[in-house]
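[1] I'd like to go over a predicted model; first the sequence, then the structure.
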Amino acid sequence: MEKSEAHMDAIELLTKDHRDVLSLVREAMYTMDMNERKDKMMQAIRMLVEHTVAEEQHVYPFIAKVVPEGQAQVERDLHEHRHMDDIMMRTEQADMSATSFAAMADDLEKAIIEHATFEEQTQFPQLRQMTKKKDLMDLAKKIKSVKSLSAKQTEPMAPATGEIGKLEGPAMGLANRLRTQLIMPSVGAFNMMGEEVARDLEEHRVINDIMTMIEQSGWGSPAFTPLAEELERAVDAHAKFQNEWQFARLREVSRKEDLLGLAEQIRSVTKLAASRPGPLTPNRHGPSQGLGERLRGAMPPSP
């Protein structure tokens with residue numbers, strides 16, 4: 001008899017998530033009804049976002065502390081999450097009746113299987129061995145709190161409207177909107193700032209992808225110049241949005257002492273990055289993980 005979620009520990013909950021998400025993706029792949037296909041895929045994306053946010057906020061910081069070489073494992077996990085984010089975004093934009101949808105759904109299925117296999121065969125057994133049952137049950141409560149918060153979020157199902165909607169364009173899908181509301185639930189309290197942060201996160205991922213491609217291309221490659229120009233345009237567009245729109249609104253709703261506190265946090269991150277020589281050396285994850293990914297992974301996870 002299968003356990004109810006109320007009695008599952010963190011590892012059991014996350015393993016069940018893997019099965020449930022894969023089941024929804026496969027149902028979307030094989031149904032011929034386009035409305036049902038879209039509904040199943042949106043359910044899968046929503047569940048996968050809940051799962052990855054819960055892992056990033058609560059599980060990975062714990063793994064980094066208690067599992068041998070846990071930080072290196074978390075680097076790999078985060079890299080795989082960003083890969084799944086990219087596939088989810090492209091899948092949301094796809095025509096559900098097109099052959100391209102089948103290819104993207106297949107890519108998503110393979111990415112989930114690869115991620116789940118690593119966690120279930122390598123990471124979770126180590127976590128269970130190093131962790132008390134009580135701590136795993138406490139982690140389960142935190143995972144369920146993310147799911148509970150997600151259940152209260154109805155807005156992510158609808159695209160942004162107004163000026164932000166015009167700025168976002170078609171690339172701001174359910175995955176990014178829901179992720180923003182789960183990571184920063186208080187941000188959406190003032191007007192549409194939550195949607196603005198979702199745009200920021202997506203632009204960060206685009207910039208990160210370009211940086212990785214630049215490193216992979218080789219500094220003397222013919223591809224270097226067009227990629228560098230693409231990076232310049234992406235950084236310029238991101239800065240323009242923040243400088244002309246976002247920062248002015250942030251100053252309006254923030255106290256001076258809060259902005260000074262943020263400045264101190266920014267300086268501490270810069271200082272910490274300067275003290276991390278390791279990311280400059282490629283690691284065992286191979287050439288697909290560039291300096292940007294390695295440095296991001298070397299920073300300690302949020303508590």
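    The structure has been received and is ready for your questions.
[2] low-confidence ranges in this structure?
    1-2, 153-177, 179-198, 253-254, 258, 272-273, 275-303 (pLDDT under 70).
[3] quick one: what helix or strand has Leu24 in it?
    Per DSSP states H and E, Leu24 falls inside helix 10-30.
[4] Just the CA coordinates for stretch 76-94, please, in PDB.
    C-alpha atoms of stretch 76-94 as PDB (Å, rounded to 0.1, in the frame of the first residue of the first chain):
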ATOM      1  CA  ARG A  76      25.100  19.700 -11.300                       C
ATOM      2  CA  ASP A  77      21.500  19.900 -10.100                       C
ATOM      3  CA  LEU A  78      21.200  23.600 -10.800                       C
ATOM      4  CA  HIS A  79      22.700  23.100 -14.200                       C
ATOM      5  CA  GLU A  80      20.000  20.500 -15.000                       C
ATOM      6  CA  HIS A  81      17.300  22.700 -13.600                       C
ATOM      7  CA  ARG A  82      18.200  25.600 -15.900                       C
ATOM      8  CA  HIS A  83      18.200  23.100 -18.800                       C
ATOM      9  CA  MET A  84      14.700  22.000 -17.900                       C
ATOM     10  CA  ASP A  85      13.600  25.700 -17.500                       C
ATOM     11  CA  ASP A  86      14.800  26.300 -21.100                       C
ATOM     12  CA  ILE A  87      12.900  23.400 -22.500                       C
ATOM     13  CA  MET A  88       9.700  24.300 -20.500                       C
ATOM     14  CA  MET A  89       9.800  27.900 -21.900                       C
ATOM     15  CA  ARG A  90      10.200  26.600 -25.500                       C
ATOM     16  CA  THR A  91       7.400  24.000 -25.000                       C
ATOM     17  CA  GLU A  92       5.000  26.600 -23.700                       C
ATOM     18  CA  GLN A  93       5.500  28.700 -26.900                       C
ATOM     19  CA  ALA A  94       5.200  25.700 -29.200                       C
END
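[5] Name the residues of it that are buried.
    Neighbour-count burial for stretch 76-94 flags 76-92, 94 (criterion: 16 or more other CB atoms under 10 Å). C-betas here are computed from N, CA, C, even on glycine.
[6] What are the contacting residues of the helix holding Leu24?
    Residues outside helix 10-30 that contact it (CB atoms under 8 Å, 6 or more residues apart in numbering) are 3, 5, 8, 36-38, 40-41, 43-44, 47-48, 50-51, 54-55, 59, 102, 105-106, 108-109, 112-113, 116, 119-120, 124, 127-128, 136-137, 139-140, 142-144.
[7] got the contact list for Ile207?
    The contact partners of Ile207, by CB under 8 Å, 6+ apart, come to 231, 234-235, 238.
[8] list the buried ones in the helix holding Leu24?
    For helix 10-30, using 16+ other CB under 10 Å, the buried residues are 10-15, 17-18, 21-22, 24-25, 27-29.
[9] Figure out how far the helix or strand following that helix is from the centre of its chain.
    Remark: after helix 10-30, the chain's next helix or strand is helix 34-54, criterion DSSP H and E. Counting by CA atoms, centre = their mean, to the nearest Å, helix 34-54 is centred 14 Å from the centre of its parent chain.
[10] Using neighbour counts, pick out the buried residues of helix 34-54.
    Neighbour counts using 16+ other CB under 10 Å place 37-38, 40-54 of helix 34-54 among the buried residues.
[11] same deal with stretch 228-248?
    Of all the residues in stretch 228-248, those buried under the rule 16+ other CB under 10 Å are 230-231, 234, 238, 241-242, 246.
[12] what distance separates the host helix or strand of Arg90 from the centre of its chain?
    In this structure, Arg90 sits in helix 70-93 according to DSSP H and E. In this view, helix 70-93 has its centroid 6 Å away from the chain centroid, taken as CA atoms, centre = their mean.
[13] Also stretch 240-251?
    24 Å.
[14] One more: stretch 42-59?
    Relative to the centre of its chain, stretch 42-59 is centred 8 Å away, using CA atoms, centre = their mean.
[15] Tell me where the stretch 201-303 of the chain has helices.
    Here the stretch 201-303 of the chain has its helices, by DSSP state H, counting those that start in this stretch, at 224-241, 247-253, 256-274, 291-298.
[16] Turn the ones you listed into a markdown table, including distance to Ala64.
    Shown next, in a markdown table, are the helices of the stretch 201-303 of the chain (distance: least, CB to CB, whole Å):
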| stretch | distance to Ala64 |
| --- | --- |
| helix 224-241 | 29 |
| helix 247-253 | 30 |
| helix 256-274 | 15 |
| helix 291-298 | 10 |
